[in-house]
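Engineer: below: sequence and its predicted model.
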Amino acid sequence: MITSRVAVRLAVALVSLSLLADAQLAAQSTYRVAPSGRATSVITFTAVVPRGTPPAQRPAPLTVSVNYGQPHARGRDVAGGLIPYGAVWRLGANEATALSTELDLDIGGQRVPKGQYTLFALATETSMQLIVNKKTGQWGTEYDATMDLVRIPMTLQRRTDALTGLQITLEPGGADAPLSGVLRVQWGTVDAMVPFSAAP
């Protein structure tokens with residue numbers, strides 16, 4: 001026979017377990033599945049100044065960066081599948097892909113003033129366009145064509161080896177072209193690129 005004291009303890013234990021289960025369920029519901037990590041590619045432009053210039057008189061380095069969600073193919077078709085043909089693609093995963101530039105750029109012959117932008121792409125079997133959009137901070141699928149700044153043709157070629165994860169890189173132009181570089185998008189067998197430089 002259960003005494004009243006034992007019954008009270010049992011009731012308290014059951015209530016505690018119930019509250020703990022509810023708390024765990026509530027905590028789990030605040031998490032969101034994020035299968036794709038974020039990646040960032042950054043390039044820095046440093047002004048060339050005469051030797052002996054005092055540090056206070058040297059211009060601060062200026063950066064250009066692309067931050068994107070990095071999806072993985074996991075056996076799925078990339079070209080024409082994960083990168084759709086004939087429809088605007090988020091150019092990444094999860095939150096929208098962000099371009100940040102501290103200087104005015106010329107990207108593929110189009111002027112992009114310094115500031116914050118979102119990047120999208122539009123692909124076919126034989127071409128790809130880079131879309132620079134003025135709306136920022138949104139989810140990657142929230143595309144507003146009325147906010148496009150420019151659409152820029154990219155050079156499209158095929159990789160011989162397929163990349164499992166999306167890679168967006170800013171590649172510097174080198175010593176012969178210190179204020180320029182290439183923005184490159186690679187995934188699966190897709191390899192698309194467009195030159196950029198500091199705008200005059």
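Structural biologist: Structure's in. What do you need?

Engineer: for Ile43, give its distance to Thr160.
Structural biologist: According to CB to CB, to the nearest Å, Ile43 stands 26 Å off from Thr160. C-beta: built from backbone N, CA, C; applies to glycine.

Engineer: and the two? which has more neighbours close in?
Structural biologist: Ile43 (20 against 6; other CB atoms under 10 Å).

Engineer: A helix includes the more buried one, no?
Structural biologist: No - read with DSSP: H, G, I helix; E, B strand; the rest coil, Ile43 is strand and lies in no helix.

Engineer: which residues does the residue nearest in space to the middle of the chain contact?
Structural biologist: The chain has Tyr68 as the residue nearest its centroid, 1.1 Å off, counting by CA atoms, centre = their mean. Tyr68 is in contact with Arg38, Ala39, Thr40, Leu91, Gly92, Ala93, Thr97, Ala98, Leu119, Leu166, Ile168, counting by CB atoms under 8 Å, 6 or more residues apart in numbering.

Engineer: scan the chain for its longest strand.
Structural biologist: strand 148-172 (DSSP state E).

Engineer: name the residues of it that come out as buried.
Structural biologist: Judged by neighbour count (16 or more other CB atoms under 10 Å), strand 148-172 contains these buried residues: Asp148, Leu149, Val150, Arg151, Ile152, Met154, Leu156, Leu163, Leu166, Ile168, Leu170.

Engineer: with pLDDT and distance to Leu103 added, can I get those residues in a markdown table?
Structural biologist: A markdown table is the format used below for those (pLDDT from 0 to 100; distance: CB to CB, whole Å):
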| residue | pLDDT | distance to Leu103 |
| --- | --- | --- |
| Asp148 | 98 | 21 |
| Leu149 | 98 | 16 |
| Val150 | 98 | 16 |
| Arg151 | 98 | 21 |
| Ile152 | 98 | 17 |
| Met154 | 98 | 21 |
| Leu156 | 96 | 27 |
| Leu163 | 94 | 30 |
| Leu166 | 96 | 26 |
| Ile168 | 97 | 19 |
| Leu170 | 95 | 13 |
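
Engineer: and the host helix or strand of Arg184, which residues are buried?
Structural biologist: In the assignment (DSSP states H and E), Arg184 maps to strand 180-198. By neighbour count on 16+ other CB under 10 Å, the buried set for strand 180-198 is 180-181, 183-188, 190-198.

Engineer: cool, stretch 70-89 as well?
Structural biologist: Buried residues in stretch 70-89 (16+ other CB under 10 Å): Gln70, Pro71, His72, Ala73, Val78, Ala79, Leu82, Ile83, Val88, Trp89.

Engineer: what segments of this structure are strands?
Structural biologist: With DSSP E as the criterion, the chain has strands spanning 37-45, 62-70, 88-89, 97-101, 105-107, 110-112, 115-123, 128-133, 148-172, 180-198.

Engineer: what mean pLDDT does stretch 111-119 have?
Structural biologist: Stretch 111-119 shows a mean pLDDT of 98.

Engineer: what domains does the record give for the chain?
Structural biologist: Following automatic domain parsing, the chain resolves into domains at 1-31, 37-198.

Engineer: least confident of those domains, on average?
Structural biologist: Lowest mean pLDDT of these: domain 1-31, a mean of 44.
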